[in-house]
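J.: got a predicted structure here, sequence first:
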Number of protein chains: 2
Amino acid sequence: MNEEPLLEQLIEALRCLPGVGPKSAQRMAFHVLERDRDSARHLSTVLSKACDVIGHCADCRNFTELERCRICASASRDSSQLCVVESPSDVIAIERATGYRGKYFVLLGRLSPIDGIGPAELGLDQLKARLAEGEVSELIIATNPTVEGEATAYYLQEMASQQEIPVTRIAHGVPLGGELEYIDQSTLAMAFSSRQSLSR
Amino acid sequence: MNEEPLLEQLIEALRCLPGVGPKSAQRMAFHVLERDRDSARHLSTVLSKACDVIGHCADCRNFTELERCRICASASRDSSQLCVVESPSDVIAIERATGYRGKYFVLLGRLSPIDGIGPAELGLDQLKARLAEGEVSELIIATNPTVEGEATAYYLQEMASQQEIPVTRIAHGVPLGGELEYIDQSTLAMAFSSRQSLSR
């Protein structure tokens, strides 16, 4: 048996969660021990099970415990639209906010040669093969508007153009409710240069 | 098997931790799945074990997986001093900050008749019996300076006085580095009224 008291082991173990420092870990440990052991046991079970069985969807690389995730397996989703995002949380955000009925491809990262992340790590071979199948008629790029996200978007655009598949990119500009006066310069500059014609 | 995807179950289960809302739970779930499955498995094991075996020390009511906690079981701690605190985290704070070598008694709460928390819930019978044993020569009250904490302190003081055991209370006043100008009124009023004589 380990020499360290179990309580301290628990506090230490909780720190593997992002954003949890020594103080929060201590508060969490005392909270579950004092008031919520049943939920904590449930968390322990689900966590261990999730670590063992959650893998990646064979089609879109999103997290799932199945061979194919629910979106890829669904007959009611439109296979002609494919939206490329960086992370699983982007899928959740788009599903929640939009009425998008197409499918996704999750890169699980962005091109970043300095960190050794190239096209292979992002599954771009798999994406290329999928585009070659000819089912996709619109590739929607929804990478983040960061330097690496832009580079990734450019790479994806080149890839789709070679296969003559129409590419779109989600709009970047002034957010709803944002005031021009307080918006950051780069966003305003981008919004200005990507202005759209309203005349018919 | 449950219908809900395992990932959503995990996100929901993580919310039993205090201070974890839907967004943080999602971030935690993705973080552990993407980068830290080993630590998460370890957390799962320790959490489940802690819920099963951590109970309360027979002497001081603090959390421990043993019959008696390390402080109560230690031969090098002075049994003549007994410090009464509200919660296990107070013990950690005092151990960390001070050179106190006596023992503790953890109330696991404070007197609060409106919530149905009376002397019995705080183990005050047990404390009374301990004081009656005659080993304790100083009862140090370290409850929080809140309304309930003060009421608890008063109750403890009465109890010890009946058994003619000297009682002390940790000092409350202006914290080190605090400036009088910015301190709240109640603290300043208390610090002023509990001023101590410096003349010999």
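T.: Done, it's in. Note that the coordinates shown come from a computational prediction; the quantities given were computed from them, not determined experimentally.
J.: is residue A:104 in a helix, a strand, or coil?
T.: Using DSSP: H, G, I helix; E, B strand; the rest coil, the secondary structure recorded for residue A:104 is strand.
J.: tell me which residues in the helix-or-strand element of chain A with minimal mean pLDDT are buried?
T.: The helix or strand with the lowest mean pLDDT-type score in chain A, counting by mean pLDDT, DSSP states H and E, is helix A:185-193 (a mean of 86). By neighbour count with 16 or more other CB atoms under 10 Å in any protein chain shown, helix A:185-193 contains the buried residues A:187-188, A:191. Where C-beta positions appear, they are placed from N, C-alpha and C, glycine not excepted.
J.: stretch A:163-178 now?
T.: A:165, A:167, A:169, A:173.
J.: next one: stretch A:108-123
T.: Residues A:108-112, A:117, A:119, A:122-123 are the ones in stretch A:108-123 that count as buried (16+ other CB under 10 Å).
J.: likewise stretch A:35-53?
T.: A:36-37, A:39-44, A:46-48, A:50-51.
J.: ok, these vs residue A:143, which is closest?
T.: Within the buried residues of stretch A:35-53, distances to residue A:143 taken as CB to CB reach their minimum at residue A:50, with 26.6 Å.
J.: now that closest one: how far from residue A:68?
T.: 18 Å (CB to CB, to the nearest Å).
J.: before we move on, what about residue A:78?
T.: Distance of residue A:78 to residue A:68, computed by CB to CB: 16 Å.
J.: got the buried residues for stretch A:23-30?
T.: By 16+ other CB under 10 Å, the buried positions in stretch A:23-30 come out as A:24-30.
J.: quick check: mean pLDDT across that stretch?
T.: For stretch A:23-30, mean pLDDT rounds to 94.
J.: could you export that stretch as CSV, CA atoms only?
T.: Included here for stretch A:23-30 are C-alpha records, laid out as CSV according to Å, rounded to 0.1, in the frame of the first residue of the first chain:
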residue,chain,number,x,y,z
LYS,A,23,-6.9,24.6,-3.9
SER,A,24,-9.7,23.5,-6.2
ALA,A,25,-8.5,19.9,-6.0
GLN,A,26,-8.7,20.1,-2.2
ARG,A,27,-12.2,21.6,-2.4
MET,A,28,-13.4,19.0,-4.8
ALA,A,29,-12.0,16.1,-2.7
PHE,A,30,-13.7,17.4,0.5
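J.: got the contact list for the residue nearest in space to the middle of chain A?
T.: When CA atoms, centre = their mean is applied to chain A, the residue found nearest the centroid is residue A:87 (1.6 Å). Contacts for residue A:87 were tallied using CB atoms under 8 Å, 6 or more residues apart in numbering or on different chains; they are A:106-109, B:30.
J.: go through chain A and flag its longest strand.
T.: If you go by DSSP state E, chain A has its longest strand at strand A:78-85.
J.: how about that one as CSV, C-alpha atoms only?
T.: What follows is the C-alpha trace of strand A:78-85 in CSV, where atoms were taken according to Å, rounded to 0.1, in the frame of the first residue of the first chain:
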residue,chain,number,x,y,z
ASP,A,78,-26.6,14.8,-45.8
SER,A,79,-23.4,13.2,-47.0
SER,A,80,-22.9,15.8,-49.8
GLN,A,81,-21.8,18.5,-47.3
LEU,A,82,-18.7,18.0,-45.2
CYS,A,83,-17.6,20.5,-42.6
VAL,A,84,-14.0,20.4,-41.4
VAL,A,85,-13.3,21.5,-37.8
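J.: quick one, strands of chain A?
T.: Taking DSSP E as the criterion, chain A carries its strands at A:55-56, A:63-64, A:78-85, A:102-106, A:138-141, A:167-169.
J.: who does the first one pair up with?
T.: In other words, strand A:55-56. For strand A:55-56, the pairing partners within the sheet under DSSP bridges are strand A:63-64 (antiparallel).
J.: walk me through the domains of chain A.
T.: For chain A, the structural domains run A:6-53, A:63-169, going by automatic domain parsing.
J.: turn those into CSV, including distance to residue B:10.
T.: As requested, the domains of chain A are exported to CSV (distance: least, CB to CB, whole Å):
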stretch, distance to residue B:10
domain A:6-53, 5
domain A:63-169, 10
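J.: could you list the low-pLDDT ranges of chain A?
T.: Applying pLDDT under 70 to chain A picks out residues A:1-3.
J.: which parts of it are helices?
T.: With DSSP state H as the criterion, chain A has helices at A:6-14, A:22-35, A:37-53, A:70-73, A:88-97, A:124-132, A:147-162, A:185-193.
J.: and the ones you listed: which comes nearest residue B:15?
T.: In this view, these are compared for proximity to residue B:15 by CB to CB, and helix A:37-53 is the closest at 8.7 Å.
J.: so which of the helices of chain A comes closest to chain B?
T.: Relative to chain B, the nearest member of the helices of chain A by CB to the nearest CB is helix A:37-53, separated by 3.5 Å.
J.: any idea how many residues pack against the spatially closest residue to residue A:110 that is not a sequence neighbour?
T.: In this structure, residue A:110 finds its nearest non-sequential neighbour in residue A:148, 4.2 Å apart by CB to CB, 6 or more residues apart in numbering or on different chains. Other residues near residue A:148 come to 18 when the count uses other CB atoms under 10 Å in any protein chain shown.
J.: likewise residue A:85?
T.: Residue crowding around residue A:85 was assessed by other CB under 10 Å; the count is 24.
J.: okay, and the beta partners of the closest residue to residue A:102 other than its chain neighbours?
T.: Excluding the flanking residues, the one nearest residue A:102 by CB to CB, 6+ apart is residue A:81, at 2.8 Å. The bridge-partner assignment for residue A:81, based on DSSP bridges, gives residue A:138.
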